[in-house]
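Asks: predicted structure and sequence below. I'll ask about it afterward.
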Amino acid sequence: MNDRAQAGADLTVDARHIDPDGREYPIQDYAPLGDGRSVVLVGPDGAVAWWCVPEMDSPPLFDRLLEPEGGGYFQLCPEDAFTMERRYRTDSNVLETTFTTGSGTARLTESLNSSRAGRLPWCELARRLEGVSGTVTFRIRAVFGTRGDSLSPWLQPNPNGCVFHVGPVLGVVRFSDNIRVLEEEDRTVSATVTLGEGERALVALLAGENEPLGIPTIAEIDERIDVSDDAWRHWAEGLHYDGPHRSEVRRSGLALKLLLYSPTGAIAAAATTSLPERIGGPKNYDYRYAWIRDAGYTVNAFLRVGAMPEAKAAFSWLMKHLGAHGAQVFYTLRGGKVPEETSLDLAGYRGSRPVRVGNAAARQHQHGIYGDIFETATLFVADGNILDQKSATVLADLADECADRWRQKDAGIWELEVPQHYTMSKISAWQALARAVELAEAGHIAATCVPRWSRERDRIQAWIEEHCWSETRQAYTFYPGTDRLDASLTLAVRFGFDGRDRLSSTLDAIREELGRGPLLYRYSGAEKEEGAFIACSFWLVEALAELGRQDEAEAVFTGTLHAVTRGVGVMSEMVDPDTGDHLGNTPQGLSHLALLHAACSLRGDRERDLKAAR
């Protein structure tokens, strides 16, 4: 490996024997690459198994992740049996994989490229091969996906290259001169190359949608791998965090940056659709959209580590679309309404169907969005920033709306189909009005309705204390009239909800009933239908730390890291406590956001942040 990768000894290293024809690997084995618009997932066999082009929520160009037998993929791997070792370059989203065979060792360096001026106007996946010792022969194969047999890819050679077409997507596969092309037919391009020590080759795929495609030289593409690496490293060096678990915090920051959709500032919840919450189960959802909750948490996280441009972009996106469409649960990455949910005729990851496009939760109402928006605005101005008049008006209107709607049932933070008076939803409504009052009293938004907001805030707190506390459980319950518990109540500590003794007792009850070691299920009964929810464990860490239970918080944090940071250190939504395999869509923004917040709380800066905000 190069010197910088070797120097990153604190980064996760994935090393083992690989079956190059295995096709289905655990979710944590897929390493993401990104360019601010789309995300590639590369398996340990050197195969791109998922890539939506040109954007994260576009249809997939390569879809073997969800169609293992007939799906599209783009693979570079040794012809002979091999072991592999891979990691990201230090503080970068450029991936390096070292392949070792019986005849030699070679390195693959991969990047979804950008330029010195930022994101390219086309998608450019660059894959550099280098001989390290002996000789290694690589097989190279691109098989274009058919989107569940809904279209048929085709090739059209011309003097400027062999152009492939997949519906509205067109592109070319570029090879350095020492690569021998074996096949170019409508759906498949294959080639081979043998490299000795010190020899290099480059394979690249360039693509766009319904637009002319610029074709750079091989040398330009190759140079942009290192340009992209420098850009990632420069960005990571700007993260202001020097506390415990620094490498994990930076890796989480880099994972979140992959999910920031640069054309608008939106934050995708994840880069995939339909990866299951339980293998073979039906809870397979499309997360390639921008949730209000995730956007708010991301702004807060970026503010805490000094990533101001990203925080400002995400907050501006959030306020713009709240003003345009009202308090929706989530939007498309371009700010529109999410399409009706449909199913694709794909086999699904390990047979988990249906495979979905769109998300039915877009039609729900969740009180949690009010709290998320106001907490974000509060921390934004606490960091020395300024609200414009339009955003201030939007926020005041949302406070009025919250004051009107908090008595209604909603779908809750977990987007459940049965509306209830979820305790966490009421706490979020309390949080929204508490922050609205603080913003108004500080002069950031109009103070006309402060008396009303204050009265409703107090009514919500009284309602929660009367209806949601269980003397039997010594805990706040999922909703009134049940003994079931909800792990999201760990967030009530961050939100500053009163009753620290009751919250501490609630944490103990949640750990006892929902815990599996350091991991937590989302709510009572969830263990029957899904894995443990990674973010909940980090929320617990944050809550314990903020309640002064520091030793417990550190133990849960360390245990959770051990349980979930496999592969190259990128997390999905859930994990199977028995096998350690990840479940759900990946990379999952909420998991990385929760890790970052937890680490900052262990560092002890949350109390300072809240004092500054108030």
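Replies: Now that the structure is in, tell me what you want to look at.
Asks: what packs against the single longest strand found in the chain?
Replies: When the chain is scanned for its longest strand (criterion: DSSP state E), the result is strand 123-143. Helices and strands touching strand 123-143, by 3 or more CB pairs under 8 Å, 6 or more residues apart in numbering; DSSP states H and E, are strand 73-78, strand 104-112, strand 169-175, strand 188-196, strand 200-209, helix 218-237. The C-beta positions use only the backbone N, C-alpha and C, and glycine is treated the same way.
Asks: buried set for that strand?
Replies: Residues 123-132, 136, 138-143 are the ones in strand 123-143 that count as buried (16 or more other CB atoms under 10 Å).
Asks: before we move on, the earlier item: in JSON lines: the helices and strands packed on strand 123-143, plus mean neighbour count.
Replies: Converted to JSON lines, the helices and strands packed on strand 123-143 look like this (neighbours: other CB atoms under 10 Å):
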{"stretch": "strand 73-78", "mean neighbour count": "24"}
{"stretch": "strand 104-112", "mean neighbour count": "24"}
{"stretch": "strand 169-175", "mean neighbour count": "21"}
{"stretch": "strand 188-196", "mean neighbour count": "19"}
{"stretch": "strand 200-209", "mean neighbour count": "22"}
{"stretch": "helix 218-237", "mean neighbour count": "18"}
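Asks: what sits against Asp388?
Replies: Listed by CB atoms under 8 Å, 6 or more residues apart in numbering, the contact set of Asp388 is empty.
Asks: pLDDT at it, what is it?
Replies: What the model reports for Asp388 is a pLDDT of 96.
Asks: next: Leu540.
Replies: So Leu540 comes in at 98 (pLDDT).
Asks: give me the contacts around the helix or strand Glu554 falls within.
Replies: Assigned by DSSP states H and E, Glu554 falls within helix 550-564. Residues from elsewhere that reach helix 550-564 (CB under 8 Å, 6+ apart): 244-245, 248, 517-519, 534, 537-538, 540-542, 544-545, 571, 575, 577, 580, 582, 591, 598-599, 601-602.
Asks: swap in 6 Å and give it another go.
Replies: Contact with helix 550-564 is made by 518-519, 534, 537, 540-541, 544-545, 571, 575, 598, as judged by CB atoms under 6 Å, 6 or more residues apart in numbering.
Asks: filter these down to the ones in strands?
Replies: Going by DSSP E, the strands hold 519, 575 from the contacts of helix 550-564.
Asks: farthest pair within the contacts of helix 550-564?
Replies: Longest distance between any two of the contacts of helix 550-564 is 21.7 Å, between Ala545 and Val575; criterion CB to CB.
Asks: pairing partners for whichever helix or strand comes after the longest strand of the chain, with directions?
Replies: The element immediately downstream of strand 123-143 (helix or strand, assigned by DSSP H and E) is strand 154-158. Strand 154-158 pairs in its sheet with strand 161-166 (antiparallel), by DSSP bridges.
Asks: between the strand it pairs with and strand 188-196, how many degrees?
Replies: 130 degrees (axes from the mean of the first three to the mean of the last three CA atoms, to 10 degrees).
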